[in-house]
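**Student:** Below are the sequence and a predicted model; questions follow.
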Amino acid sequence: MTGAVWATMDGRPRHSMAELAAADLPTAPGVYGLYRGVDRVYVGKAASLRDRVWKNHSGRGASMGSSALRRNVAEHLGIASAADIKTRRYRPTEEDARRVREWLKGCDVAWIECADHQAAKDLERDMKAAHKPPLTRQ
């Protein structure tokens with residue numbers, strides 16, 4: 001049972017990552033969920049949903065330093081471990097970044113706006129306790 005915290009997210013409108021534009025996302029704090037088909041694959045929090053989802057996760061460059069999601073997708077795809085990318089023992093190539101972007105384009109994102117960043121942290125914690133998607137770490 002994944003509980004009421006996930007029922008709210010699951011019921012939110014989903015936006016294709018392939019078609020997402022910065023203007024689609026609010027600048028408010030909140031929690032976002034990434035879905036691949038019907039499967040929940042990631043949950044994260046943000047002080048600004050636009051900054052986190054658009055600037056960090058939809059990045060166009062090879063750097064993955066500011067995106068745990070992109071590092072975890074790279075590991076999922078067998079490119080390198082998320083830890084090796086984070087500590088720069090492995091530096092993703094443009095081809096690696098392209099593969100991660102293509103995988104993310106097959107996902108949808110939904111979000112819940114929160115009153116402040118602490119509320120987003122609390123909601124993310126509760127969602128992880130109820131169900132931790134496979135690409136969500138810690």
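**Tutor:** Structure received.
**Student:** can I assume L104 is in contact with N56?
**Tutor:** No. In this structure L104 lies outside contact range of N56 using C-beta atoms under 8 Å: 11.6 Å. Heads up, the C-betas are built off the backbone N, CA and C, glycines and all.
**Student:** Which pLDDT does the model give Q138?
**Tutor:** Looking at Q138, its pLDDT is 60.
**Student:** Flag every buried residue along the worst-scoring helix or strand of the chain on mean pLDDT.
**Tutor:** The helix or strand of the chain with the poorest confidence is helix 3-10; it has a mean of 90 (mean pLDDT, DSSP states H and E). By 16 or more other C-beta atoms under 10 Å, the buried positions in helix 3-10 come out as 5-6, 9.
**Student:** Show me what it is packed up against.
**Tutor:** Judged by 3 or more C-beta pairs under 8 Å, 6 or more residues apart in numbering; DSSP states H and E, helix 3-10 is in contact with strand 30-36, strand 39-46, strand 108-113, helix 117-130.
**Student:** Which strands or helices does the first one pack on?
**Tutor:** The reference is to strand 30-36. helix 3-10, strand 39-46, strand 108-113, helix 117-130.
**Student:** Just say which of these is most tucked in.
**Tutor:** Of all those, strand 39-46 has the most neighbours on average by mean count of other C-beta atoms under 10 Å, namely a mean of 21.
**Student:** P26 - nearest residue in space that isn't next to it in sequence?
**Tutor:** Counting by C-beta to C-beta, 6 or more residues apart in numbering, P26 lies nearest to L49, which is 5.3 Å off, once chain neighbours are set aside.
**Student:** G106 now?
**Tutor:** Using C-beta to C-beta, 6+ apart and skipping the chain neighbours, the partner closest in space to G106 is R36 (6.1 Å).
**Student:** Show the contacting residues for the one you found.
**Tutor:** 106-108 (C-beta atoms under 8 Å, 6 or more residues apart in numbering).
**Student:** Tell me which helix or strand the closest residue to K86 other than its chain neighbours sits in.
**Tutor:** Take K86 and drop its neighbours on the chain: the residue closest to it by C-beta to C-beta, 6+ apart is R71, 5.9 Å away. For R71, the host element (DSSP states H and E) is helix 68-76.
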